[in-house]
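Chemist: okay, sequence plus prediction incoming.
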Amino acid sequence: MKKLIAPSILSADFTKLGIEIQAIEAAGADWLHIDVMDGHFVPNISMGPLVVKAAKKVATIPLDVHLMITHPDQYIPQFAQDGADLISVHVEACFHLNRTIDLIKSCGCKPGVVLNPATPLSTLEWVLEYVDFVLIMSVNPGFGGQSFISNSLDRIRLLKEMIRIKDLSTLIQVDGGVTESNIKEISEAGADVFVAGSAIFGKKNYKKTINAMKRIIR
C-alpha cells in the first residue's frame, strides 16, 4: 500500500496561502491537510469553510479536512460543498458517531474518525468497518509544533492489528510531531498517512523535505 504525505496548512504562510499550496503540491504532497478548530473542542481557533473553498480553487490533490469542533454535523455539509474530499471527526465530539459517518458519506466525502492521545482504541470497535481512515493524534490537538507522544507508536500497532483481524483496508493517519527523524518508526508501527506541519513548512525546500520523508517510508 502506498504511503502518503499530507502537509498541514496550519503551519503555512497565510499571507500567500495559494502559493504555499501550489508549492507543496509541486513538491510531491499527496493530500492537503486542513485543521479546523473552533475554540471549544480545542483551545484554539483556526480556519473554516471559506479557507477550504479558497484552497479548492488552487489544489488538485485531495483536501483532507480535520474537524476539531463540537457539533460537527452542523458543518459537514458546508465543508463538503466547499470542496472537502475527506472529512474526519473526533470520536470525543460525536454523540451519534454512526450517524455522523453516514452524513459525511451522504455528502460525497470519505469519512475518517479521530482519536485524542488518551482515548481508548475500543471506541472504534463498532465503526471501524464504516470509515476509510482513522487518525491517531500523537499530540493533544489545538496547536502546531508540539512533540510526538511516544506511546502513540503502541496505539498505532494495536490499531493495525485491529484492522488486520477485521480484514479491512482502513488507512491509519498520524498527526502531531511527525518529523524526518521519527517518521521511520511511525511508518514501521503501521501508519499509512503522515500529517506534517512545521516539519515541512518550516523548511526552505519543501520538495527536498517531502522527498526525504518518502524515501524513509518507501
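Modeler: Right, received. Where do you want to start? Numbering: from 1, shown residues only.

Chemist: helices of the chain, start to end?
Modeler: Secondary structure of the chain by DSSP state H: the helices cover 17-26, 49-56, 76-81, 97-106, 152-165, 183-189, 198-201, 206-217.

Chemist: what packs against the shortest one?
Modeler: It stands for helix 198-201. On a contact count with 3 or more C-beta pairs under 8 Å, 6 or more residues apart in numbering; DSSP states H and E, helix 198-201 meets strand 4-7, helix 17-26, helix 206-217. Using the backbone N, CA and C atoms, a C-beta is placed for each residue, glycine as well.

Chemist: which of those sits most buried?
Modeler: strand 4-7 (a mean of 26; mean count of other C-beta atoms under 10 Å).

Chemist: contacting residues around it?
Modeler: 24, 28-33, 64, 173, 192-197, 200-201, 206, 210, 213-214 (C-beta atoms under 8 Å, 6 or more residues apart in numbering).

Chemist: do stretch 188-197 as well
Modeler: The contact list for stretch 188-197 (C-beta under 8 Å, 6+ apart) reads 1, 3-11, 30-31, 33, 64, 66, 133, 135-136, 144-145, 153-154, 156-157, 159-160, 171-176, 178-179, 183, 186-187, 213, 217.

Chemist: what sits against Leu97?
Modeler: Counting by C-beta under 8 Å, 6+ apart, Leu97 touches Val89, Val91, Val113, Val127.

Chemist: for Lys110, name its beta-bridge partners.
Modeler: Lys110 forms beta bridges with Leu86, as assigned by DSSP bridges.

Chemist: okay, the closest residue in space to Phe148 that isn't next to it in sequence and Gly18: tell me how far apart.
Modeler: Distances taken as C-beta to C-beta, 6 or more residues apart in numbering place Gly177 nearest to Phe148, at 3.1 Å, with adjacent residues excluded. According to C-beta to C-beta, to the nearest Å, Gly177 and Gly18 sit 27 Å apart.

Chemist: do Lys203 as well
Modeler: Taking C-beta to C-beta, one finds Lys203 at 19 Å from Gly18.
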